[in-house]
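**Q** Coordinates for the following, if possible.
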Amino acid sequence: MMEFTAEMIAGFLGGDILGDKNASVHTVSSIEEGKAGSLAYLTNPKYEPFLYTTGASIVLVDRSFEPAQPVAATLIKVDDAAACVVKLLSMYNAAKPRRKGISDRASISGKAQIGEECYIGDFAVIEEGVKIGKNCQIYPQVYLGQGVTVGDNTTLYPGVKIYEGCSVGANCILHAGAVIGADGFGFMPNAAGGFDKIPQLGNVIIEDDVEIGANTCIDRAKTDSTIIRRGVKLDNLIQIGHNVQIGENTVSSAQTGIAGTSRVGRNCFLAGQVGIADHVTIGDRVKVGSKSGIDKNVGDDEIRLGYPALPGMQYHRSSAVFKNLPELVRRVQELEKQIKELQK
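**A** Just a heads-up that it's a prediction; the model follows:
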């Protein structure tokens with residue numbers, strides 16, 4: 001278990017210590033759940049009361065912060081506590097030992113290419129024509145179909161399945177159960193009243209620096225490619241349909257569904273359970289609120305909320321009316337009664 005002293009942390013972050021420079025920590029916690037040996041942080045003023053009761057050994061605070069009461073924990077003052085937390089977590093994660101070696105229980109084709117310093121776990125299956133870059137971590141029960149390529153420094157957690165012909169870039173993370181390249185949902189009604197399957201002959205291309213959550217599915221294209229551009233971050237339980245393209249540095253929370261052939265621009269944010277219909281184009285820097293349904297094109301820099309999704313301010317004005325509908329109905333009914341009385 002790794003331990004860090006307040007002096008080490010302050011030196012790494014360029015911070016100032018208030019308290020015991022030898023105080024040590026081996027884990028990170030929220031300030032309200034802090035215990036001895038943990039590092040906590042105060043980035044939101046509403047959590048300040050917990051600072052005076054926390055059991056954490058060290059707490060990161062902004063340099064401008066002045067406590068209103070005595071604090072038992074050692075404080076480290078930094079320029080930006082929120083940014084420093086991310087920096088520390090990244091440092092701690094990088095310091096964890098990496099898995100090494102290729103398991104004898106993995107099934108690896110003699111015609112696959114494996115880069116240097118790769119880890120391949122038990123019962124991974126790597127088929128003919130697969131190319132894996134350097135320093136990759138391939139966890140147990142991963143499946144890589146024929147002709148799959150995986151870039152340098154990419155991690156595939158247990159149970160990831162990548163179908164034939166698909167490509168994953170460098171520095172990517174695919175979490176457990178993600179499925180890349182399953183058939184797109186393509187069927188055509190036939191004369192017998194059933195459905196004929198439309199062959200899905202394309203692939204999926206995932207560019208560099210992409211992270212994909214657990215049990216997220218990205219379907220292969222009917223023709224050409226489904227494309228996830230550089231820097232995209234997808235949460236758990238997301239469905240990306242065939243021939244979709246998602247632009248650079250777009251982020252989506254869990255349970256979003258994007259239907260086939262839609263386009264999402266760069267630097268967009270899709271909150272949880274957003275639904276996007278097929279053949280829709282969404283511009284750059286668009287923000288979509290949770291549970292919103294998008295069935296029409298959206299221009300750059302717009303905000304959409306609700307179902308069907310409306311522009312931000314229009315939605316808020318409409319919402320103010322929605323909640324008063326029962327009262328409005330009652331008033332209309334009363335007015336109708338009064339009109340009938342006047343007409344007698």
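**Q** hey, which helix is longest across the protein?
**A** Across the chain, the longest stretch assigned as helix under DSSP state H is helix 325-343.
**Q** Just checking the distance from that one to the centre of its chain.
**A** 50 Å (Cα atoms, centre = their mean, to the nearest Å).
**Q** again with stretch 142-159
**A** 19 Å.
**Q** Pull out the buried positions in it.
**A** Residues of stretch 142-159 classed as buried: 142-145, 147-159 (neighbour count, 16 or more other Cβ atoms under 10 Å). C-beta: built from backbone N, CA, C; applies to glycine.
**Q** Just the residues contacting the longest helix of the chain, thanks.
**A** Residues outside helix 325-343 that contact it (Cβ atoms under 8 Å, 6 or more residues apart in numbering): residue 321.
**Q** Kindly export it (C-alpha atoms) in PDB.
**A** What follows is helix 325-343, C-alpha atoms only, in PDB (Å, rounded to 0.1, in the frame of the first residue of the first chain):
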ATOM      1  CA  LEU A 325     -52.100  23.100 -16.200                       C
ATOM      2  CA  PRO A 326     -54.500  21.500 -13.700                       C
ATOM      3  CA  GLU A 327     -55.200  25.000 -12.200                       C
ATOM      4  CA  LEU A 328     -55.600  26.500 -15.700                       C
ATOM      5  CA  VAL A 329     -58.000  23.700 -16.700                       C
ATOM      6  CA  ARG A 330     -60.100  24.400 -13.600                       C
ATOM      7  CA  ARG A 331     -60.200  28.200 -14.400                       C
ATOM      8  CA  VAL A 332     -61.200  27.600 -18.000                       C
ATOM      9  CA  GLN A 333     -64.000  25.300 -16.900                       C
ATOM     10  CA  GLU A 334     -65.300  27.900 -14.400                       C
ATOM     11  CA  LEU A 335     -65.100  30.600 -17.100                       C
ATOM     12  CA  GLU A 336     -67.100  28.400 -19.500                       C
ATOM     13  CA  LYS A 337     -69.800  27.900 -16.800                       C
ATOM     14  CA  GLN A 338     -69.900  31.700 -16.300                       C
ATOM     15  CA  ILE A 339     -70.300  32.300 -20.100                       C
ATOM     16  CA  LYS A 340     -73.100  29.800 -20.300                       C
ATOM     17  CA  GLU A 341     -74.900  31.600 -17.500                       C
ATOM     18  CA  LEU A 342     -74.500  34.900 -19.200                       C
ATOM     19  CA  GLN A 343     -75.900  33.400 -22.500                       C
END
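**Q** how deep is residue 164 tucked in, by neighbour count?
**A** 16 (other Cβ atoms under 10 Å).
**Q** per-residue confidence for it?
**A** For residue 164, the model assigns a pLDDT of 98.
**Q** Now do the contacts for it.
**A** Taking Cβ under 8 Å, 6+ apart as the test, what residue 164 contacts is 127, 145-148, 181.
**Q** rerun at 6 Å
**A** 145-147 (Cβ atoms under 6 Å, 6 or more residues apart in numbering).
**Q** got TSV for these, with secondary structure too?
**A** TSV is the format used below for those (DSSP: H, G, I helix; E, B strand; the rest coil):
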residue	secondary structure
145	coil
146	coil
147	coil
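**Q** Buried residues, stretch 26-45. List them.
**A** Those would be 28-29, 31, 34, 37-42, for stretch 26-45 by 16+ other Cβ under 10 Å.
**Q** can you pull out the helices in the protein?
**A** 6-13, 48-51, 81-95, 312-322, 325-343.
**Q** okay, the angle between the longest helix of the chain and helix 312-322?
**A** 60 degrees (axes from the mean of the first three to the mean of the last three Cα atoms, to 10 degrees).
**Q** tell me which helix or strand of this protein sits lowest on mean pLDDT?
**A** strand 310-311 (a mean of 71; mean pLDDT, DSSP states H and E).
**Q** Out of the contacts of residue 164, which comes closest to residue 307?
**A** Among those, residue 145 lies closest to residue 307 (Cβ to Cβ), at 37.2 Å.
**Q** need the contact list for that closest one.
**A** So residue 145 contacts 127, 163-164 (Cβ under 6 Å, 6+ apart).
**Q** redo that, cut-off 7 Å
**A** 127, 162-164 (Cβ atoms under 7 Å, 6 or more residues apart in numbering).
**Q** Make a markdown table out of these and add distance to residue 79.
**A** Listed next are the contacts of residue 145 as a markdown table, based on distance: Cβ to Cβ, whole Å:
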| residue | distance to residue 79 |
| --- | --- |
| 127 | 50 |
| 162 | 42 |
| 163 | 47 |
| 164 | 49 |
